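Student: my questions are about this predicted structure, shown below with the sequence.
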Amino acid sequence: MESFEELGLEEEVLAAMREAGITKPTEIQCVGVPAVLSGTSVVLGSHTGSGKTLAYLLPLVQVLGPGTVSLFTLAR
């Protein structure tokens with residue numbers, strides 16, 4: 001997948017990603033984001049710096065709902 005839009009993330013999350021300058025998902029994010037969004041139990045393994053944290057965090061931010069993205073943006 002070439003973009004976060006293809007992973008099933010909503011516009012509020014996508015806008016926060018663009019604001020943070022993150023535009024292309026890593027391989028682990030392409031696997032992890034859709035799996036977490038689907039409600040599947042997920043264990044991801046990859047090297048340091050590969051994007052595992054966002055693979056878990058982005059779907060959770062979306063599921064938690066409005067206002068969560070602004071907290072995510074402030075935390076960076």
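Tutor: Yes, it's here.
Student: ok, the residue nearest the centre of the chain - contacts?
Tutor: The chain has Leu58 as the residue nearest its centroid, 2.8 Å off, counting by CA atoms, centre = their mean. Applying CB atoms under 8 Å, 6 or more residues apart in numbering to Leu58 gives the contacts 4, 7, 9, 13, 17, 29, 33. For the C-beta atoms, the positions are set from N, CA and C on the backbone; glycine is no exception.
Student: for the protein, which helix is longest?
Tutor: Counting residues, the longest helix found in the chain (DSSP state H) is helix 52-64.
Student: rewinding a little: let's see if you can find the most crowded of the contacts of Leu58.
Tutor: Val33 (27 neighbours; other CB atoms under 10 Å).
Student: wait, doesn't that residue sit right on Pro25?
Tutor: Yes - counting by CB atoms under 8 Å, Val33 does reach Pro25; the two are 7.0 Å apart.
Student: list residues touching both of those two?
Tutor: 4, 7.
Student: average pLDDT for the longest helix of the chain?
Tutor: Mean per-residue pLDDT for helix 52-64: 90.
Student: do the same with stretch 38-46
Tutor: Stretch 38-46 shows a mean pLDDT of 90.
Student: report the buried residues of it.
Tutor: In terms of neighbour count (16 or more other CB atoms under 10 Å), stretch 38-46 has its buried residues at 42, 44.
Student: thank you, goodbye.
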